[in-house]
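K.L.:
give me a 3D structure for the following:
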Amino acid sequence: MKFIKLTYAKDDKITYTANINNIACIETSVREDGNVQTWIQGQGFENGELYVKETEEQIIKVLERQQTIDKLLKNVVR
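P.N.:
Numbering: from 1, shown residues only. Sure, this is the predicted structure:
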């Protein structure tokens with residue numbers, strides 16, 4: 001299993017470690033006051049979603065980096 005560490009949007013002292021396989025949707029919106037809000041939705045999350053500080057772009061970059069590492073490791077093992 002692979003995990004990603006995320007920060008609760010309302011308190012930097014609270015973090016989540018989520019299984020990347022449980023992420024079904026990443027939703028980001030910009031409020032009228034300019035604040036960015038990101039929700040991670042998926043299986044196993046409280047009420048089906050997490051409100052996080054990281055943006056959709058940041059999360060996707062981490063997931064893509066992990067996918068690249070996985071591919072490299074597969075090629076090394078072969």
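
K.L.:
from here on, contacts and neighbour counts on C-alpha atoms
P.N.:
Will do.

K.L.:
host element of the residue nearest to the spatial centre of the chain?
P.N.:
Centroid-nearest residue in the chain: residue 59, 4.5 Å away (criterion: C-alpha atoms, centre = their mean). Residue 59 is part of helix 56-77 when elements are defined by DSSP states H and E.

K.L.:
over to residue 41?
P.N.:
strand 36-42.

K.L.:
quick one: least confident helix or strand in this protein?
P.N.:
Each helix and strand of the chain was given a mean pLDDT (mean pLDDT, DSSP states H and E); the minimum falls on helix 56-77 at a mean of 87.

K.L.:
what is the distance between that helix and the centre of its chain?
P.N.:
Between the centre of helix 56-77 and the centre of its host chain there is 13 Å, according to C-alpha atoms, centre = their mean, to the nearest Å.

K.L.:
low-confidence stretches in this structure?
P.N.:
Judged by pLDDT under 70, the chain has its weakly predicted residues at 77-78.

K.L.:
one more time with 80
P.N.:
By pLDDT under 80, the weakly predicted segments of the chain are 1, 76-78.

K.L.:
okay, now residue 53: neighbour count?
P.N.:
Here the number of neighbours of residue 53 (other C-alpha atoms under 10 Å) works out to 19.

K.L.:
that one reaches residue 38, doesn't it?
P.N.:
Yes: taking contacts as C-alpha atoms under 8 Å, residue 53 lies within contact range of residue 38: 6.7 Å.

K.L.:
return the set of residues that bridge with residue 19.
P.N.:
According to DSSP bridges, the partner residues bridging residue 19 are residue 3.

K.L.:
residues touching it, list them.
P.N.:
By C-alpha atoms under 8 Å, 6 or more residues apart in numbering, the contact set of residue 19 is 1, 2, 3, 4.
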